[in-house]
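# Give me coordinates for this.
(chains A and B)
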Amino acid sequence: AQSVTQLDSQVPVFEEAPVELRCNYSSSVSVYLFWYVQYPNQGLQLLLKYLSGSTLVKGINGFEAEFNKSQTSFHLRKPSVHISDTAEYFCAVVRGSYIPTFGRGTSLIVHP
Amino acid sequence: DTEVTQTPKHLVMGMTNKKSLKCEQHMGHRAMYWYKQKAKKPPELMFVYSYEKLSINESVPSRFSPECPNSSLLNLHLHALQPEDSALYLCASSQDTSASYNEQFFGPGTRLTVL
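This is a model prediction of the structure:
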């Protein structure tokens, strides 16, 4: 079985500061990796995904993530956050089937 | 059109009521999903429809009854719900279920409160 660990339940940060949201997965075989964002009272929106190829993936809203196979990680980063980035972020892994396994989520709180 | 729409946005119902949630997509997707999401938790898969046929039921109580009238529409019929069923119900769709890398497109959800 695959699992996804988002180590931080909450990440507070000041506006314009950089941020990293951590995601680790457990799987001995190839996986597909996704980051979704959920703004308050909304559904999930895909930020970015890693399927194959370059390990640095760029997504929407200035976010990027790096796939690290040796460390089984797929951390999400943004060099300078905005108030509007305040949201819940979910890392998801798909292996074998088409059903994603979601991490527990990380709440990003951006302070002015 | 890359949108999944859900109605209603909010729903309050008593434990004896019967109500339905609706989901629609016009992306030509052949897989549709219902998820339940509690506050500050990840979505939990309930049902999957593939080519209008139910392919996965994650041991959901029978008081939840899904229906897929055609490839664009997905309903969730609710009857005799319990207060613990209060949650955000998310609909999603994907191109199909043949590939692991197909991303899911989510609707905005229906916020359900059971009194």
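# Enumerate every residue touching residue 104.
All of this is about chain A. For A:Arg104, the contact set (CB atoms under 8 Å, 6 or more residues apart in numbering or on different chains) comprises A:6, A:9, B:41-42. C-beta: built from backbone N, CA, C; applies to glycine.
# let's do chain B instead
Contacts for B:Gln104 (CB under 8 Å, 6+ apart) come out as A:44, A:46, A:100, B:33, B:92-94.
# Out of those, flag the one nearest to B:Gln6.
Nearest to B:Gln6 among the contacts of B:Gln104 is B:Ala92, at 10.1 Å by CB to CB.
# does any bit of the one helix or strand that closest one maps to sit next to chain A?
In this structure, B:Ala92 sits in strand B:87-94 according to DSSP states H and E. Yes - Strand B:87-94 is in contact with chain A by CB under 8 Å from any CB of the partner chain, via B:90, B:92, B:94.
# export that strand as CSV, just CAs?
Extracted in CSV, the C-alpha atoms of strand B:87-94 (Å, rounded to 0.1, in the frame of the first residue of the first chain):
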residue,chain,number,x,y,z
ALA,B,87,-19.6,17.4,5.5
LEU,B,88,-18.5,19.0,2.2
TYR,B,89,-19.4,16.6,-0.7
LEU,B,90,-17.1,17.0,-3.6
CYS,B,91,-17.7,15.8,-7.1
ALA,B,92,-14.8,15.2,-9.5
SER,B,93,-14.2,14.0,-13.0
SER,B,94,-11.3,12.6,-15.0
